[in-house]
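K.L.:
Predicted model follows, preceded by the sequence.
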Amino acid sequence: MDDEDAIEGLTRLGLTTYEARVFLALQKLDTGTASEVAEVSEVPRSQVYGTADDLEQRGLIEIQETRPAVYRPVDPDTAEQRLLEQLESTGGGRLATCRTSAGSSPTATTRARHCGRSAGPTASGVGPSS
């Protein structure tokens, strides 16, 4: 998966483009200052501060209050869980229909319709595309 695909996926989970770029940059860096994040993310440094605050409020990064501030992302699994919870709480039942769970899995057509995807065959002709 390239960076643009990752950014697109994160925006589908509710992040802004800047939030997605900063989060992805921090995943690459492990920790970083606003200058380092700006260089990797291509988000203006002046915008990294507010974006990082927003990501911290979402529980996706931690900010070490030093001079300069140092940003550290949560692990990707934790981030995914938190984003899905936030999306579900703001998106009503739509996300629940998108997810599959044992015993209550919606059909591929229903899932595709509610999740904004085509239920037609993939390039391999086997099933729904994702």
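P.N.:
Noted; the coordinates are in hand. Numbering: from 1, shown residues only.
K.L.:
Mark out where each domain of this protein begins and ends.
P.N.:
As assigned by automatic domain parsing, the chain contains the domains 3-74, 77-115.
K.L.:
any chance of those domains in TSV, plus mean neighbour count and mean pLDDT?
P.N.:
Using the backbone N, CA and C atoms, a C-beta is placed for each residue, glycine as well. TSV is the format used below for those (neighbours: other CB atoms under 10 Å; pLDDT from 0 to 100):
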stretch	mean neighbour count	mean pLDDT
domain 3-74	17	96
domain 77-115	13	61
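K.L.:
Leaving out chain neighbours, which residue sits closest to Leu13?
P.N.:
Leu83 (4.2 Å; CB to CB, 6 or more residues apart in numbering).
K.L.:
how close does the one you found sit to Thr90?
P.N.:
Here Leu83 is placed at a distance of 11 Å from Thr90 (CB to CB, to the nearest Å).
K.L.:
which residues are in contact with both of the two?
P.N.:
Common contact partners of Leu83 and Thr90 (CB atoms under 8 Å, 6 or more residues apart in numbering): Gly14.
K.L.:
remind me, longest helix of this protein?
P.N.:
helix 76-91 (DSSP state H).
K.L.:
all strands for this protein, in order.
P.N.:
Assigned by DSSP state E, the chain shows strands spanning 61-64, 70-73.
K.L.:
who's in contact with the last one?
P.N.:
Identification of contacts with strand 70-73 by CB under 8 Å, 6+ apart yields 22-23, 26-27, 30-34, 37, 52, 60-64, 79.
K.L.:
go with 7 Å
P.N.:
Residues outside strand 70-73 that contact it (CB atoms under 7 Å, 6 or more residues apart in numbering) are 23, 26-27, 31-33, 37, 52, 60-64, 79.
K.L.:
Now for the residues you listed: which two are most distant?
P.N.:
Thr33 and Ala79 (20.3 Å; CB to CB).
K.L.:
Surely Ala38 and Pro44 touch.
P.N.:
Yes - counting by CB atoms under 7 Å, Ala38 does reach Pro44; the two are 6.4 Å apart.
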